[in-house]
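Undergrad: Any chance you can model this:
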Amino acid sequence: MKSLSLILGIIFSLFMTGIADAECAWVLWIKQQSTFTEEGELPRVVENWELIAAVPTFEQCLTIQKILFEHQKTIWGRIKGAKVTGVDISLITVNFEGGGLRIIKLNCFPDTIDPRK
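TA: Model prediction:
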């Protein structure tokens, strides 16, 4: 009888873990990677991640991602000498006259994932 209780306890805990994972929050992250090239030197890359928002559902995260995507395209498009390309709602590239490049990635991840690691 103890073994049946133990097995039922393990099954119940696995089931509850699955439910908890299904109910996780969704986090919108932005990763900005800039490449600078100065005359006579190797390119220098600077990268940073920033947490933008945490919301209960993936759909809400995607909605915020779409809004931020359009905002980023507009802001970077105002810079003289910048050519902005938006691939989809998760990737923007900005090419600068003179050789600079910025890559902006927007991603929704479950709150159990930290993309900086």
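Undergrad: Show me which positions of stretch 107-117 end up buried.
TA: Residues 107-109 are the ones in stretch 107-117 that count as buried (16 or more other Cβ atoms under 10 Å). C-betas here are computed from N, CA, C, even on glycine.
Undergrad: From these, pick the one nearest Leu42.
TA: Nearest to Leu42 out of the buried residues of stretch 107-117 is Asn107 (Cβ to Cβ; 28.5 Å).
Undergrad: Chain neighbours aside, what residue packs nearest to that closest one?
TA: Spatial nearest neighbour of Asn107, excluding adjacent residues (Cβ to Cβ, 6 or more residues apart in numbering): Trp29 at 5.3 Å.
Undergrad: Test of understanding: give the bridge partners of that neighbour.
TA: Per DSSP bridges, residues listed as beta-bridge partners of Trp29: Leu51, Asn107.
Undergrad: So for it, what pLDDT did the model give?
TA: Reported pLDDT at Trp29 in the predicted model: 97.
Undergrad: List the contacts of it.
TA: By Cβ atoms under 8 Å, 6 or more residues apart in numbering, Trp29 lies in contact with 49-52, 106-109, 115.
Undergrad: Many thanks, we can stop here.
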